[in-house]
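Peer 1: show me how the following folds:
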Amino acid sequence: MMRNPYPHELQFGDIYITPWIPALALAFILSIATAVIANKSGLSRFFIWHRYLFLAIMTLYLVLIDSYLIKVF
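Peer 2: Sure thing, here's the model as predicted:
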């Protein structure tokens, strides 16, 4: 019986890393791009706390990347 067909580690040569590290880096880059677009288009004026919005967007991207691209769980 196979519990999970997806790998639990990513291998780069002899180095094993958790899949959360590239997912977190990609979520960070995407949230920066989203924040820049929101600032340039004027959508950021509708939010009071920009830091919490950035963290919420980054968390949303991290969950989406984990759910659809990496499949950790």
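Peer 1: look up how far Q11 lies from L64.
Peer 2: Applying C-beta to C-beta, to the nearest Å, the value for L64 to Q11 is 24 Å. All C-beta atoms are positioned from the backbone trio N, CA, C, and that covers glycine.
Peer 1: likewise for A27?
Peer 2: A27 sits 21 Å away from Q11, taking C-beta to C-beta as the criterion.
Peer 1: cool, L55 as well?
Peer 2: According to C-beta to C-beta, L55 and Q11 sit 30 Å apart.
Peer 1: between these two, who's got more neighbours?
Peer 2: Higher neighbour count among L55 and Q11: L55, with 12 against 9, using other C-beta atoms under 10 Å.
Peer 1: show me what contacts that one?
Peer 2: Residues near L55 by C-beta atoms under 8 Å, 6 or more residues apart in numbering: none.
Peer 1: and what about it, helix, strand or coil?
Peer 2: Here L55 is recorded as helix under DSSP: H, G, I helix; E, B strand; the rest coil.
Peer 1: got a pLDDT number for it?
Peer 2: L55 carries a pLDDT score of 90 in this model.
Peer 1: swap in I70?
Peer 2: Reported pLDDT for I70: 68.
Peer 1: also F73?
Peer 2: For F73, the model assigns a pLDDT of 44.
Peer 1: so what's I65 up against?
Peer 2: Residues near I65 by C-beta under 8 Å, 6+ apart: A23, L26, A27.
Peer 1: once you drop chain neighbours, what's closest to the second one?
Peer 2: It refers to L26. Computed as C-beta to C-beta, 6 or more residues apart in numbering, the closest residue to L26 that is not its neighbour in sequence is I65, at 5.9 Å.
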